[in-house]
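**Q** following is a predicted model, sequence given first.
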2 protein chains.
Amino acid sequence: MAAARRMVVVGGDAAGMTAASQARRHMGPDELEIVAFERGAFSSYSACGIPYWIGGDVGERDDLIARTPEKHRERGIDLRMHTEVTRVDPDRCRVLTRELPPGGGPSEERWSDFDHLVLATGARPMRPPLPGIDAEGVHGVQSLEDGQALLDALDRAEARRGGPRRAVVVGAGYIGVEMAEALVRRDFEVTVLDQAPQPMTTLDPDMGELVRDAMCDMGMEVVTGAAVTEVETGEDGRARAVVTEETTYPADIVVLGLGVTPETSLAREAGLPLGESGGLLTDLAMRVRGRENIWAGGDCVEVLDLISGRTRHIALGTHANKHGQVIGANIGGGYATFPGVVGTAVSKVCDLEIARTGLLEAQARGVGLRFVTATAEATSRAGYFPGSRPMRVKMLAELGTGRLLGTQIVGREGAGKRVDIAAVALTAGMTVEQMTYLDLGYAPPFSPVWDPVLVAARKATAAVRNAS
Amino acid sequence: MAAARRMVVVGGDAAGMTAASQARRHMGPDELEIVAFERGAFSSYSACGIPYWIGGDVGERDDLIARTPEKHRERGIDLRMHTEVTRVDPDRCRVLTRELPPGGGPSEERWSDFDHLVLATGARPMRPPLPGIDAEGVHGVQSLEDGQALLDALDRAEARRGGPRRAVVVGAGYIGVEMAEALVRRDFEVTVLDQAPQPMTTLDPDMGELVRDAMCDMGMEVVTGAAVTEVETGEDGRARAVVTEETTYPADIVVLGLGVTPETSLAREAGLPLGESGGLLTDLAMRVRGRENIWAGGDCVEVLDLISGRTRHIALGTHANKHGQVIGANIGGGYATFPGVVGTAVSKVCDLEIARTGLLEAQARGVGLRFVTATAEATSRAGYFPGSRPMRVKMLAELGTGRLLGTQIVGREGAGKRVDIAAVALTAGMTVEQMTYLDLGYAPPFSPVWDPVLVAARKATAAVRNAS
């Protein structure tokens, strides 16, 4: 019998461990040895769930762990926790590893050979190099360790009596607004700061304003155009305020929600190809471009945006899982490809649902597209049905052809997941006129006779015709 | 100035009045005179909302009226209520009308000329010719008058004290299950009878069984394979039981929920083309086939099923509105077509959501398709997120090509409208493998990392490969 081939995975979260599991489904240990290195203490956890754990929706840290290291090992995956990969040697097909024993202690470097390497090193939160940014009381929310530290700090702040407790969230993107909700639910007075002129720059400004209005109605303070210059610390070294060019915002807790950047220092040192935003570039099978036996997926890669034709960095668990699936199938002797994304995202702040897919106006212009826009107000259910809630749907359609280019939705219950209709239509290259006659599910508890997405498509169709 | 052309509409509900309104948007009264005849007392109302009015979700009858006759008249549509069209003379371009004054009284027949005729005569509920079927206490739920009569009867039954109140619903399709919910909410003991071996024959038997189980858990009695032979009446002439070949089911109230059949007697007498289920046949612009100036839409037509390639009768307000939109645009000098349907429907019984799109197994076989099926169990949100509810998703995919042929979903909150994803994919002719990588909205409150529809698509992809 031939010796088993060896698959080495760097990073024990969604992309890496899905790749490992999927490869194992295809091939038993006789055919394929699978070793995965994770420098942290947790594998296969949901980072996207952290704001809900902080806010109290999710009771236990372990609820966020989809599969423990033990479970992976039971399935024949040699997952080594607390082990960092410090170098990748693509030409000699080996990686250099170093154990990081939790309590410290001696750590030894070792080379580990691979036949297939999967880079799933994820992303790291952005942390601008400002005075005080690393002070105690300034929290990221990227890892379970971050989440636990923040929870402990919240408990301490709650234990300190007297006066309201104040939290400042830096960044009003997905993580920022989700953390704002979590902190409001923990009875903090919340201020959200963002350098941009609007919250949620993943939406067009007119739609982002709806988010600002709703957040203010929820009692949050939203300050845009706010350039943070410093985190002010007290005599104890703890953060006590966030300073912008104009004002100082006192804070018992500071949370950084500035988004993430691909963690690709290993790949860069190994000379692997990176895109404009620093993510690894792969082919459709999720192989690193130009490399036969190195694969990459998850938050460390750039993906093809099917609408703009460019690669983009989008850190999302759902993509990471799909990448892992594709990589595992290919290494395991099957065949799968990841065709790309259309840029769908959904989030919420309390009962406000926020969704987008495709391109924003500025993005469309930036890749040379000309378009019309249409915005519709409609309700989630038949207007007369209890629980019917308003939403606004905005569409971009290409001039002339009428092809859908993007959709944004802001509303209440029932708004967010409607973006899926547009996501599928975008993938299929439908025109807004074709969308007008889509046969969507209709019954009074579920939709008006014209689903909000269809209303927007109808208006966009008229806009295309008027502009032609 | 040329004399205005004359558009005559038969039927004052969704299709007809949408056609009238849309034509009026395109053309003012100088160009187009619009006359609409409605034999009943209500225009533009939501028949689909009646079960929710009966059940108490919707407070007032008038909530179900989207636009009153007065509103239509204000917009320059000469809507004549209580006026029946008794004959259509296509060759001489005229219809014979008769007023039906609400209190009775003399009624005169008059010819009315048209340049364009819109047939929007709707559908009528099926009523098998059984002894007692027309007795007092046997209720349809097609019109607002039906609804009011049923509500009055429920109030009377509630006023009569002593012992539990029993309702028997004949028919376990959409209307039947929705009425079962309404009656449970009115504190009736509910028995649902259906001749078929399962409730919801709009689903495959395995999915229909889930509906049966859920209805039984809700305390309803569901009897299938039950052929009703008679409605037994008391000495007062009122219905007091429903008799099947095997048993007698005592009833204070009997509700008929047997579905509807196209109301096309006028069209039949006029020699217009009808399909197998008795619905008018139209072209893509919603013109009656072979007629230049006669149009038809809504519950009285058959529509092209894009997956089976056959025409079908599907009575749904959302289609009626679209048909009206298309007809009105075309008569008004614009251009629009209705491309067909994929057979999407969604409904609920209490908190059970039921949805389907595309073809069932039997339907697919019936049109010569060969296919594989896959069924997935998944949750509506991330498993750890509060309110995450299970659902079952079944997919049919064509053998060899892997093209999606149909999807059925039964679950709780968040299940029903997910069928839209499959409806768009069906319209676009996607394969289940293409669907696996759809970029759907993901965040823990909205979806697991693999949306339930994607899980089913992935399993269907494997089934297609295994069968090839």
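**A** Arrived safely.
**Q** what residues does the stretch 351-468 of chain A put near chain B?
**A** Within the stretch 351-468 of chain A, the positions lying close to chain B (C-beta under 8 Å from any C-beta of the partner chain) are A:353, A:355, A:357, A:382, A:384-386, A:414, A:416-421, A:423-425, A:427-428, A:430, A:434, A:436-447, A:449-451, A:458. Any C-beta I mention is one placed from the backbone N, CA and C, and that applies to glycine too.
**Q** take those residues and keep only those in helices.
**A** Using DSSP state H, the members of these that fall in helices are A:419, A:420, A:421, A:423, A:424, A:425, A:427, A:434, A:436, A:458.
**Q** export the residues you listed as CSV, with columns for pLDDT and neighbour count.
**A** As requested, these are exported to CSV (pLDDT from 0 to 100; neighbours: other C-beta atoms under 10 Å in any protein chain shown):
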residue, pLDDT, neighbour count
A:419, 98, 28
A:420, 98, 28
A:421, 98, 27
A:423, 98, 29
A:424, 98, 31
A:425, 98, 27
A:427, 98, 28
A:434, 97, 20
A:436, 97, 25
A:458, 97, 21
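**Q** in those residues, find the pair that's most separated.
**A** Farthest apart among those by C-beta to C-beta are A:427 and A:458. That separation is 20.9 Å.
**Q** sorry, back to before: hmm, which of the residues of the stretch 351-468 of chain A next to chain B are the buried ones?
**A** A:353, A:355, A:357, A:382, A:384-385, A:414, A:416-421, A:423-425, A:427-428, A:430, A:434, A:436-447, A:449-451, A:458 (16 or more other C-beta atoms under 10 Å in any protein chain shown).
**Q** remind me which residues of chain A are low pLDDT?
**A** For chain A, the stretches with pLDDT under 70 are A:1-2, A:161-163.
**Q** okay, domains of it per the record?
**A** Here the domain assignment for chain A is A:5-124+A:261-331, A:138-258, A:352-467, based on automatic domain parsing.
**Q** for the first one, measure first residue to last.
**A** Between the opening and closing residues of domain A:5-124+A:261-331 we find a distance of 10 Å, counting by C-alpha to C-alpha, to the nearest Å.
**Q** about what we covered before: and which of the ones in helices among the residues of the stretch 351-468 of chain A next to chain B is nearest chain B?
**A** Using C-beta to the nearest C-beta, residue A:424 is the member of these that sits closest to chain B, with 3.9 Å.
**Q** quick check: closest non-adjacent residue to the closest one.
**A** Excluding the flanking residues, the one nearest residue A:424 by C-beta to C-beta, 6 or more residues apart in numbering or on different chains is residue B:424, at 3.9 Å.
**Q** residue contacts, the one you found?
**A** Residues near residue B:424 by C-beta atoms under 8 Å, 6 or more residues apart in numbering or on different chains: A:421, A:424, A:425, A:428, A:430, A:438, A:440.
**Q** returning to that earlier point: mind checking the domains of chain A for the one nearest to residue B:378?
**A** domain A:5-124+A:261-331 (13.1 Å).
**Q** the closest residue to residue A:323 other than its chain neighbours: neighbour count?
**A** Using C-beta to C-beta, 6+ apart and skipping the chain neighbours, the partner closest in space to residue A:323 is residue A:297 (2.7 Å). The number of residues packed near residue A:297 is 30, by other C-beta atoms under 10 Å in any protein chain shown.
**Q** for the one 4 residues further on, same thing?
**A** The number of residues packed around residue A:301, counting by other C-beta under 10 Å, is 32.
**Q** verify the contact between it and residue A:279 for me.
**A** Yes: shown here, residue A:301 and residue A:279 form a contact pair, counting by C-beta atoms under 8 Å, at 5.0 Å.
**Q** looking at the domains of chain A, which one is packed in the most?
**A** Mean neighbours per residue, mean count of other C-beta atoms under 10 Å in any protein chain shown, is largest over those for domain A:352-467, with a mean of 22.
**Q** what about that one, start to end distance?
**A** End-to-end distance for domain A:352-467: 33 Å, by C-alpha to C-alpha.
**Q** got it, and stretch A:304-312?
**A** When the termini of stretch A:304-312 are compared using C-alpha to C-alpha, they are 6 Å apart.
**Q** helices of chain A, start to end?
**A** A:14-26, A:50-55, A:69-74, A:144-159, A:174-185, A:205-217, A:265-269, A:317-331, A:361-366, A:419-427, A:432-436, A:452-467.
**Q** once you drop chain neighbours, what's closest to residue A:154?
**A** Ranked by C-beta to C-beta, 6+ apart and with sequence neighbours excluded, the top spatial neighbour of residue A:154 is residue A:186, at 5.7 Å.
**Q** what's near enough to touch residue A:33?
**A** Contacts of residue A:33 (C-beta under 8 Å, 6+ apart): A:4, A:5, A:6, A:7, A:78.
**Q** residues touching the residue nearest to residue A:455 when sequence neighbours are not counted, list them.
**A** Once flanking residues are discounted, residue A:455 sits nearest to residue A:376: 4.2 Å by C-beta to C-beta, 6+ apart. Counting by C-beta under 8 Å, 6+ apart, residue A:376 touches A:392, A:393, A:394, A:452, A:455, A:456, A:458, A:459.
**Q** mind doing that once more with 6 Å?
**A** Each residue near residue A:376 by C-beta atoms under 6 Å, 6 or more residues apart in numbering or on different chains is listed here: A:393, A:455, A:456, A:459.
**Q** of these, which is the nearest to residue B:347?
**A** Residue B:347 lies nearest to residue A:455 out of the contacts of residue A:376, by C-beta to C-beta, at 22.0 Å.
**Q** and the closest one, how far is that from residue A:377?
**A** Here residue A:455 is placed at a distance of 8 Å from residue A:377 (C-beta to C-beta, to the nearest Å).
**Q** give the residues shared as contacts by those two.
**A** Joint contacts of residue A:455 and residue A:377 (C-beta under 6 Å, 6+ apart) do not exist.
**Q** enumerate the residues of the stretch 201-350 of chain A near chain B.
**A** Within the stretch 201-350 of chain A, the positions near chain B by C-beta under 6 Å from any C-beta of the partner chain are A:317, A:318, A:321, A:322, A:339, A:341, A:342, A:344, A:346, A:347, A:348.
**Q** the first one contacts residue B:449, correct?
**A** Yes: A contact is recorded between residue A:317 and residue B:449 when judged using C-beta atoms under 6 Å, the distance being 4.7 Å.
**Q** now do the residue nearest to residue A:154 against residue A:241, distance only.
**A** 19 Å.
**Q** same check on residue A:209?
**A** 28 Å.
**Q** with adjacent residues omitted, what lies nearest to residue A:301?
**A** Residue nearest to residue A:301 in three dimensions, not counting chain neighbours: residue A:280, with 4.6 Å by C-beta to C-beta, 6+ apart.
**Q** show me the contacts for residue A:262.
**A** Residues near residue A:262 by C-beta under 6 Å, 6+ apart: A:123, A:278, A:279, A:300, A:313.
**Q** out of the residues you listed, the closest to chain B would be?
**A** Checking the contacts of residue A:262 against chain B with C-beta to the nearest C-beta, the nearest one is residue A:313 at 14.6 Å.
**Q** wait, what's in contact with that closest one?
**A** By C-beta under 6 Å, 6+ apart, the neighbours of residue A:313 are A:262, A:277, A:279, A:302.
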